[in-house]
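Asks: Build me a structure from this.
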Amino acid sequence: MRVDPDYTTGDGNTDAHVANARAFLQGHDWSTIEATLGEVSAFDRVALARQGETEAGRLTGEVTEQIAQVMTQAGYLGHGVALSASERCDTGHDK
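Replies: The predicted model follows:
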């Protein structure tokens, strides 16, 4: 999960807004965030896979949506601040 500047929607305070949003993202307790595929049937999972959507992508999307909602409600998104995510989890360890 990453906070990036969006200068197309920002203003002269974009860099400050981004810094504040990054601090919030890093300091907030996200332990209540839950993502599950439990509501997606096996049939739908196969259909999603055929469309190129992975389980990791689906879970990443759910988590991103929940974090974006919290950050929007707290006033950190918008004003030149964007949230992005990647479904790749790099542990930094070689296999």
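
Asks: Now do the contacts for Arg45.
Replies: 37, 55 (CB atoms under 8 Å, 6 or more residues apart in numbering). Just so you know, the C-beta spots here come from the backbone N, C-alpha and C atoms, and that holds for glycine as well.

Asks: Could you rerun that using 10 Å?
Replies: With contact taken as CB atoms under 10 Å, 6 or more residues apart in numbering, Arg45 is in contact with 37, 53-55, 58.

Asks: what kind of secondary structure is it in?
Replies: helix (DSSP: H, G, I helix; E, B strand; the rest coil).

Asks: Any idea which helix or strand in the chain has the lowest mean pLDDT?
Replies: helix 42-50 (a mean of 80; mean pLDDT, DSSP states H and E).

Asks: All the strands of this structure, in order from the start?
Replies: 2-5, 81-84 (DSSP state E).

Asks: Out of the contacts of Arg45, which end up buried?
Replies: Buried by 16 or more other CB atoms under 10 Å: Arg58, out of those.

Asks: As a markdown table, the contacts of Arg45 with distance to Val18 would be great.
Replies: Shown next, in a markdown table, are the contacts of Arg45 (distance: CB to CB, whole Å):
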| residue | distance to Val18 |
| --- | --- |
| Leu37 | 32 |
| Glu53 | 29 |
| Thr54 | 29 |
| Glu55 | 31 |
| Arg58 | 28 |
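
Asks: What about the contacts of Arg45, which are in helices?
Replies: Counting by DSSP state H, the part of those found in helices is 55, 58.

Asks: Compile the contacts of Arg45 into TSV and extend it with columns for pLDDT and distance to Pro5.
Replies: Shown next, in TSV, are these (pLDDT from 0 to 100; distance: CB to CB, whole Å):
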residue	pLDDT	distance to Pro5
Leu37	73	33
Glu53	79	28
Thr54	81	28
Glu55	79	31
Arg58	80	28
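
Asks: quick one: which of the contacts of Arg45 is nearest His28?
Replies: Distances from His28 to the contacts of Arg45, taken as CB to CB, are shortest for Arg58 (23.0 Å).
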